[in-house]
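Quick one: sequence plus predicted model below, questions after.
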Amino acid sequence: MAKVGLIYGSNTGNTEFVAYQMKDEFDKLRPGLVEVHNIGQSTPETLMKYEYLVIGVPTWNTGQIQDDWEAFLPKLAALDLTGKKLAIFGIGDQNGYGYNFLDAVGMLGDAFLDRGAQLWGMWSAKGYEFAESKATVEDVFMGLGIDQDGQRDLTTERIQKWVPQVLAQFGV
Ligand SMILES: Cc1cc2nc3c(=O)[nH]c(=O)nc-3n(C[C@H](O)[C@H](O)[C@H](O)COP(=O)(O)O)c2cc1C
């Protein structure tokens, strides 16, 4: 069976925690399908060995991509991701950063799309309160939005809905 690479970056551990919670959910439905990597310890080969990618990124420093993903961008720019199926989850704080909520999802997502990846895993922006986000197209996020600061109680339910959606859209 084809494997899915779940690759996250995390400055203070929230995205790492969510990444492993998500892996547990994938494992319930497709045991062993998903392998988890920290982008801070990954190479381009880590990404290239998977046909399916789930990437996790928090937004930092008011509208910026998390440090390890930011450092990886020059390497990403050299990759050909044509044919790879991608889903993104983003971690942010809608109460504290309502003008930049989940911006990194939009920015990192665009960088992957520029390299030829196909985006799946869109998620409704209803149920969140924010003013602006680079992650939205109309009322839809480019990936799953998680807010461990303001809506931690919704995280499990969101993951439980998003993971089967992504599996179905990937067709695995
Ligand atoms: C200094 C600082 C800046 C932040 N900037 C943003 C932001 O622009 N947009 C957003 O949605 N969240 C922002 N956040 C919230 C973080 O994304 C959030 O706390 C997240 O859970 C951190 O994930 P990590 O622990 O995996 O690094 C910021 C947090 C801090 C402390």
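Yes, it's here. Residues are numbered from 1 along each chain as shown.

nearest spatial neighbour of residue 142, skipping sequence neighbours?
Once flanking residues are discounted, residue 142 sits nearest to residue 109: 4.5 Å by C-beta to C-beta, 6 or more residues apart in numbering. C-beta coordinates here come from the backbone N, C-alpha and C atoms, glycine included.

meant to ask about residue 33
residue 4 (5.5 Å).

And the pLDDT for the one you found?
Note on residue 4: pLDDT of 98.

so what secondary structure elements neighbour the helix or strand residue 87 falls within?
Counting by DSSP states H and E, the element that carries residue 87 is strand 85-91. For strand 85-91, the elements it packs on are helix 14-29, strand 52-60, helix 103-114, strand 118-120, strand 144-146, helix 155-170, judged by 3 or more C-beta pairs under 8 Å, 6 or more residues apart in numbering; DSSP states H and E.

Next, the angle from it to helix 155-170.
Counting by axes from the mean of the first three to the mean of the last three C-alpha atoms, to 10 degrees, strand 85-91 lies at 170 degrees to helix 155-170.

what sits up against strand 85-91?
Strand 85-91 is contacted by residues 14-15, 18, 22, 51-59, 102, 104-105, 108-109, 112, 117-121, 135, 141-148, 162, 166, 169-170 when judged by C-beta atoms under 8 Å, 6 or more residues apart in numbering.

Lovely, talk soon.
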